[in-house]
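# sharing a model prediction with you, sequence too.
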Amino acid sequence: MNSWRTTGLGICTIVAALAGAGKVLLDGDPSTSPDWATVIAAITAGIGLIAARDNGKTSEQVGAK
């Protein structure tokens, strides 16, 4: 969590993916459904961003060395 930029973007990515899927699920139209492959891809990207290190941080600053 030392890389707040990438962590914040990762959290936003996951929230946006879940909100988009929730909107489609709760729209009242039974003929629509979320594109689960896209939702899973976005969540995976968000997890990757959370695990990533900001470019401005050294390994020592984030405790990797």
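Received the coordinates, thanks.

# need the contact list for residue 10.
45, 46, 47, 48, 49, 50, 51, 52 (Cβ atoms under 8 Å, 6 or more residues apart in numbering). All C-beta atoms are positioned from the backbone trio N, CA, C, and that covers glycine.

# per-residue confidence for it?
You'll see residue 10 listed with a pLDDT of 96.

# element containing it?
Assigned by DSSP states H and E, residue 10 belongs to helix 4-25.

# what's the following helix or strand after that helix?
Downstream of helix 4-25, the first helix or strand assigned by DSSP H and E is helix 36-51.

# and the next helix or strand after that following helix, how far out from the chain middle?
Downstream of helix 36-51, the first helix or strand assigned by DSSP H and E is helix 59-62. Taking Cα atoms, centre = their mean, to the nearest Å, one finds helix 59-62 lying 23 Å from the centre of the chain it belongs to.

# just stretch 45-56 next, same as before
10 Å.

# just the mean pLDDT for that stretch, thanks.
Here stretch 45-56 scores 86 as its mean pLDDT.

# ok now stretch 50-65, how far from the chain's centre?
The chain centroid and the centroid of stretch 50-65 are separated by 19 Å under Cα atoms, centre = their mean.

# and for it, what's in contact with it?
Residues from elsewhere that reach stretch 50-65 (Cβ under 8 Å, 6+ apart): 2, 3, 4, 5, 6, 7, 10, 11.

# how many residues are close by the third one?
When neighbours are counted by other Cβ atoms under 10 Å, residue 4 registers 10.

# how about the contacts made by the spatially most central residue of the chain?
Centroid-nearest residue in the chain: residue 46, 2.4 Å away (criterion: Cα atoms, centre = their mean). Residues in contact with residue 46, defined by Cβ under 8 Å, 6+ apart, are 9, 10, 11, 12, 13, 14, 17.

# from residue 29, how far off is it?
Residue 46 sits 27 Å away from residue 29, going by Cβ to Cβ, to the nearest Å.

# wait, isn't residue 7 in contact with residue 49?
Yes - applying Cβ atoms under 8 Å as the test, residue 7 and residue 49 come out as touching, 7.2 Å apart.

# pull the distance from the helix holding residue 10 to the chain's centre.
5 Å.
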